[in-house]
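Q: Test case, fold it:
(one chain, ligands or ions: 1)
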Amino acid sequence: MVAQRPPMGWNSWNTFGGAINEQVVRETADAIVEKGLKDVGYEYVVIDDCWSLRKRNEEGKMVADPEKFPSGMKALAEYVHSKGLKFGMYSCAGTRTCAGYPGSFDYEFVDAKTFAEWDVDFLKYDFCYKPRLANGPILYNRMGMALKASGREILFSACNWGSNEVEKWIRSTGAHMYRSTGDINDSFQSFKDIAMSQVDKLAYSGPYCYNDIDMLICGMHGKGNVANGGCSDIEYRTHFALWCLFQSPLMIGGDLSKIDDFNLELLKNKELIAINQDIEARPPMMVGGGDRPVFFKHMANGEYVLAFFNFSDRDGRCGLEFYDLGLTVASGYGFKFRDIFTGEETGLVTENMDVHVASHDCKIFRGTLVQK
Ligand code: GLA
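A: Predicted coordinates for the structure are as follows:
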């Protein structure tokens, strides 16, 4: 059974775009193991767009570009599998992929079979070049069935950027995750807007079908295919914290051969990953809003996560009155929290909490409800 928890892995698009090849995929698989990312749960190595030739062969099958992938996809899958990882590929519900390569429209059953023959474990399925009269639910359902009929368990990763109120129907197509927004780029503004656009839709996200707020940009530092100025390390941490809190799939988008220590450790942060992988997948409750939102989340083990974000350009205080969570003084209860980044304990806190958060930073606590 796949995607009981948010899928974790790496995707080629954010850094490599069209410059993808088998060397990059092999080196990435090596790095996932050597740098300890596999140990914390990263599993899928996914090739995005631009892997195929511009034309299908005489049998109507897609063909991997022999210059980029001289060993072929099956051999590459075997290499990825030999590392104890899983192998992912990409196609599109329209007649072409977004970069203009063959799409799977009307070839769904042929392509799903081909992917299964190549031992593919994950399919990202885009939405460009879709005939106007063909609708999303039918096209994703068709590929959902084709994957099931392929004879192989393949995680189905839908990508229609949130159009046609995707959250309302996508689970019914067999998809295991679904992109809910337009493409991310490497900037604070981009990840903040993407995350905040989904706050009200997280109730649709849960085991076996997760809201995917796009691939991570941690550690890209303004380089690569989705470059847009880059972020500070603090901003990358806020980005990763949001993705974990919202239980988005965690698909690394950076170049793992060049990742810096801060961002590697961030991507391996066990406290944040534990929040992301929580089996109950309850959406966080947002208290307040504006540029200093506070989120409160129930965890499966009975604990709570409390997260303060400062999206404003000024350092300052972020506050929460516990009655805004429904916890009154009369209840006789308070919280005991631990700052997940510093390990510092708050002791018993009652009635409210007030923390200092630097601009674009966040503070995240995890703890229990206790009787005073
Ligand atoms: C779309 C998707 C991206 C990426 C590109 C590839 O824009 O949203 O994630 O897959 O296509 O062309």
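
Q: got the residue ranges for the helices in the stretch 201-350 of the chain?
A: 233-245, 261-267, 270-276 (DSSP state H, counting those that start in this stretch).

Q: Quick check: which of these is buried the most?
A: Among the helices of the stretch 201-350 of the chain, the stretch with the highest mean neighbour count (mean count of other Cβ atoms under 10 Å) is helix 233-245, at a mean of 23. C-beta: built from backbone N, CA, C; applies to glycine.

Q: just checking, what's the longest strand in this protein?
A: strand 362-371 (DSSP state E).

Q: Show me the one of the helices of the stretch 201-350 of the chain that comes nearest the ligand.
A: Among the helices of the stretch 201-350 of the chain, the nearest to the ligand by Cβ to the nearest ligand atom is helix 233-245 (15.0 Å).

Q: contacts for the closest one?
A: The contact list for helix 233-245 (Cβ atoms under 8 Å, 6 or more residues apart in numbering) reads 188, 191-192, 195, 213, 216-219, 231, 250, 262-263, 266-267, 269, 272-273, 275-276, 284, 295, 297, 305, 307, 309, 358, 360-362, 364.

Q: in the stretch 51-200 of the chain, which segments are predicted with low confidence?
A: Along the stretch 51-200 of the chain, no part satisfies pLDDT under 70.

Q: Which residue is it, in it, that comes closest to the ligand?
A: Closest point on the stretch 51-200 of the chain to the ligand, by Cβ to the nearest ligand atom, is residue 98, at 3.3 Å.

Q: circling back to that earlier point, got the helices of the stretch 201-350 of the chain as JSON lines, with mean pLDDT columns?
A: Converted to JSON lines, those look like this (pLDDT from 0 to 100):
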{"stretch": "helix 233-245", "mean pLDDT": "98"}
{"stretch": "helix 261-267", "mean pLDDT": "98"}
{"stretch": "helix 270-276", "mean pLDDT": "98"}
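
Q: all helices of the stretch 51-200 of the chain, in order?
A: Using DSSP H, counting those that start in this stretch, helices in the stretch 51-200 of the chain cover 73-82, 108-117, 136-149, 188-197.

Q: could you dump the ones you listed to JSON lines with distance to the ligand and mean neighbour count?
A: Output for the helices of the stretch 51-200 of the chain, formatted as JSON lines (distance: least, Cβ to the nearest ligand atom, whole Å; neighbours: other Cβ atoms under 10 Å):
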{"stretch": "helix 73-82", "distance to the ligand": "18", "mean neighbour count": "18"}
{"stretch": "helix 108-117", "distance to the ligand": "16", "mean neighbour count": "21"}
{"stretch": "helix 136-149", "distance to the ligand": "14", "mean neighbour count": "19"}
{"stretch": "helix 188-197", "distance to the ligand": "12", "mean neighbour count": "19"}
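
Q: Same list, those, but as a markdown table with distance to residue 45 please.
A: Below are the helices of the stretch 51-200 of the chain laid out as a markdown table (distance: least, Cβ to Cβ, whole Å):
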| stretch | distance to residue 45 |
| --- | --- |
| helix 73-82 | 5 |
| helix 108-117 | 14 |
| helix 136-149 | 18 |
| helix 188-197 | 23 |
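
Q: so which of the ones you listed comes closest to residue 54?
A: Distance to residue 54, taken as Cβ to Cβ, is lowest for helix 108-117 among the helices of the stretch 51-200 of the chain, at 15.6 Å.

Q: tell me what that closest one is packed against?
A: Counting by 3 or more Cβ pairs under 8 Å, 6 or more residues apart in numbering; DSSP states H and E, the packing neighbours recorded for helix 108-117 are strand 86-92, helix 136-149.

Q: Throw the ones you listed into a markdown table and include distance to residue 159, thanks.
A: Output for the helices and strands packed on helix 108-117, formatted as a markdown table (distance: least, Cβ to Cβ, whole Å):
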| stretch | distance to residue 159 |
| --- | --- |
| strand 86-92 | 8 |
| helix 136-149 | 10 |
